[in-house]
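Colleague: no sequence on this one, just coordinates:
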């Protein structure tokens with residue numbers, strides 16, 4: 001929870017005690033918005049983006065869109081969604097498409113054996129028939145006496161060529177492939193909702209910081225008004241002292257008040273400048289360019305009139321809560337992530353079932369000492385391969401049990417986050433109602449404090465009052481001004497906080 005506070009000045013001469021004024025906001029960690037497309041922009045660079053498109057006077061809506069476009073967290077979240085979209089395509093291709101490959105090779109083998117070792121002597125073989133005792137004839141081979149011999153030398157070098165092409169496809173893998181596709185699609189959904197949720201978080205953070213800039217700017221004006229009143233009162237007291245009407249102690253007392261008012265103005269200006277720096281940091285603007293930008297209340301209704309406040313619906317029934325649960329991206333992202341984990345269990349379960357693969361191929365090979373005379377013998381092949389798991393030491397079954405426990409824990413976390421969202425919505429309504437009441441009370445207090453200060457100054461002027469009365473009235477007026485500014489911006493922010501919490505934003 002972010003807390004912005006402004007403390008009133010303290011002065012020993014005042015009987016009023018120091019007061020601290022807090023501008024409450026409740027930062028909700030889970031927005032609710034519709035799913036958005038996956039961004040297809042370029043990969044973010046490491047340098048600061050150009051500020052050429054940002055106007056010098058930035059409205060709240062412009063600040064939100066510039067922050068979403070330039071924020072590093074948003075851009076990183078968008079890339080996560082893009083990566084998951086690629087994974088969906090990859091898992092589908094892996095399921096439906098075959099694997100195809102081709103090979104080709106040439107080899108040259110050279111024998112280191114001597115020529116004599118590679119020489120073989122062949123004798124002339126003659127064939128003939130000889131009669132047998134039963135009247136048949138028998139074919140016999142033999143060496144002719146005095147036949148010539150032939151020597152054959154095996155070539156030292158031999159060329160070999162081969163080629164092949166094959167394709168394989170899985171016909172059944174225990175359902176793991178289709179489960180992997182579903183898991184990738186669920187992860188993509190979670191990433192898209194997460195991307196949307198990140199955008200809404202940045203939008204709310206920018207809204208908070210922008211309203212804080214406007215609030216602290218008005219507090220600077222209030223501090224300046226208080227200082228001007230203190231200086232005017234000091235001049236009055238100095239004149240009275242010179243006329244002999246009051247003691248010098250009252251002059252010192254009012255000088256101390258003016259000193260405290262001056263310090264309060266310095267602090268208010270510093271707080272305002274820091275608020276601007278925080279907002280411009282959200283817009284990813286270089287610090288050396290901070291002085292180039294200003295902010296406007298245009299487009300923001302800060303009138304907080306009774307009519308505008310009465311038009312805001314502060315009821316919180318079951319229908320609104322259920323609609324928020326159904327629409328908030330953080331809740332939807334968790335649901336999609338759980339579904340992806342369930343499909344992961346199906347992927348593991350597929351390892352327990354048989355798998356069937358089909359393959360086909362064509363190829364050829366041949367060799368010869370003369371590369372140009374190689375004769376390649378070609379052939380075709382096809383086959384099926386069935387794999388049946390029998391025993392895996394219970395590893396996959398135990399892994400499934402572990403995954404189921406993890407899924408159950410994620411579901412418990414989801415229930416907890418939904419309950420947190422209900423509580424956040426309730427607190428958002430409470431904040432809005434309290435801010436509504438504070439608007440009227442702060443206006444009554446401001447009117448009374450300013451009138452009291454006017455009366456105290458007038459009484460001192462005519463000698464019917466004391467300087468202490470004026471100091472007390474000044475402190476009360478300062479407190480009332482600060483409370484009035486805080487009450488106004490509390491209400492403006494609380495109204496946006498409720499819409500954000502219920503998932504009505506869409507950036």
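Modeller: Structure received. Keep in mind that what you see is a predicted model, and the values were worked out from it rather than measured.
Colleague: sec struct for the residue nearest to the spatial centre of the chain, please.
Modeller: Nearest to the mean C-alpha position of the chain, by CA atoms, centre = their mean, lies residue 77 at 3.5 Å. Recorded secondary structure, residue 77: helix (DSSP: H, G, I helix; E, B strand; the rest coil).
Colleague: for residue 152, same thing?
Modeller: Using three-state DSSP as the criterion, the local structure at residue 152 reads strand.
Colleague: who's in contact with the residue nearest to the centre of the chain?
Modeller: Counting by CB atoms under 8 Å, 6 or more residues apart in numbering, residue 77 touches 191, 194-195, 198. To be clear about C-beta, it is placed using only N, CA and C from the backbone, and glycine gets the same treatment.
Colleague: And the pLDDT at it?
Modeller: Per-residue confidence (pLDDT) for residue 77: 95.
Colleague: how close does it get to residue 284?
Modeller: Residue 77 is 15 Å from residue 284, where distance means CB to CB, to the nearest Å.
Colleague: so the residue nearest to residue 95 when sequence neighbours are not counted is in which element?
Modeller: Leaving out its chain neighbours, the residue that sits closest to residue 95 by CB to CB, 6 or more residues apart in numbering is residue 177, at 4.0 Å. According to DSSP states H and E, residue 177 maps onto helix 176-242.
Colleague: Next secondary structure after that helix?
Modeller: helix 248-282.
Colleague: Now do that following helix against helix 176-242, angle only.
Modeller: If you take axes from the mean of the first three to the mean of the last three CA atoms, to 10 degrees, helix 248-282 sits at 160 degrees to helix 176-242.
Colleague: Tell me, how many residues neighbour the nearest residue to residue 236 once chain neighbours are set aside?
Modeller: Residue nearest to residue 236 in three dimensions, not counting chain neighbours: residue 461, with 6.7 Å by CB to CB, 6+ apart. When counting by other CB atoms under 10 Å, one arrives at 15 neighbours for residue 461.
Colleague: wait, isn't residue 461 in contact with residue 237?
Modeller: No: counting by CB atoms under 8 Å, residue 461 sits too far from residue 237 to count as a contact (10.1 Å).
Colleague: Could you double-check that residue 476 sits in contact with residue 451?
Modeller: No: with contacts counted by CB under 8 Å, residue 476 stays clear of residue 451, the gap being 10.5 Å.
Colleague: if we can go back for a sec, what about the residue nearest to residue 95, distance to residue 404?
Modeller: Taking CB to CB, one finds residue 177 at 21 Å from residue 404.
Colleague: which of those two has more neighbours?
Modeller: Using other CB under 10 Å, the more surrounded residue of residue 177 and residue 404 is residue 177, with 19 against 13.
Colleague: tell me the secondary structure for the nearest residue to residue 433 once chain neighbours are set aside?
Modeller: Counting by CB to CB, 6+ apart, residue 314 is the residue found nearest to residue 433 once chain neighbours are left out, at 5.7 Å. Here residue 314 is coil, with the state taken from three-state DSSP.
Colleague: my read: the residue nearest to residue 95 touches residue 93, true?
Modeller: No: using CB under 8 Å as the test, residue 177 is too far from residue 93 to be in contact (10.6 Å).
Colleague: what's the following helix or strand after the lowest-mean-pLDDT helix or strand in the chain?
Modeller: In the chain, the helix or strand scored least confidently by mean pLDDT, DSSP states H and E is strand 20-24, which has a mean of 32. Toward the C-terminus, strand 20-24 is succeeded by strand 57-58 as the next helix or strand (DSSP H and E).
Colleague: now that following strand, how far from the centre of its chain.
Modeller: 27 Å (CA atoms, centre = their mean, to the nearest Å).
Colleague: average pLDDT across it?
Modeller: Here the average pLDDT along strand 57-58 is 91.
Colleague: Distance from the chain centre to the helix or strand following that strand, please.
Modeller: Using DSSP H and E, the helix or strand that directly follows strand 57-58 along the chain is helix 60-70. Distance of helix 60-70 from its chain centroid, counting by CA atoms, centre = their mean, is 16 Å.
Colleague: returning to what we had before: mind checking which of residue 476 and residue 451 has more residues around it?
Modeller: residue 476 (22 against 12).
Colleague: Doesn't that one belong to a strand?
Modeller: No: membership of residue 476 in a strand is not supported by three-state DSSP, which gives helix.
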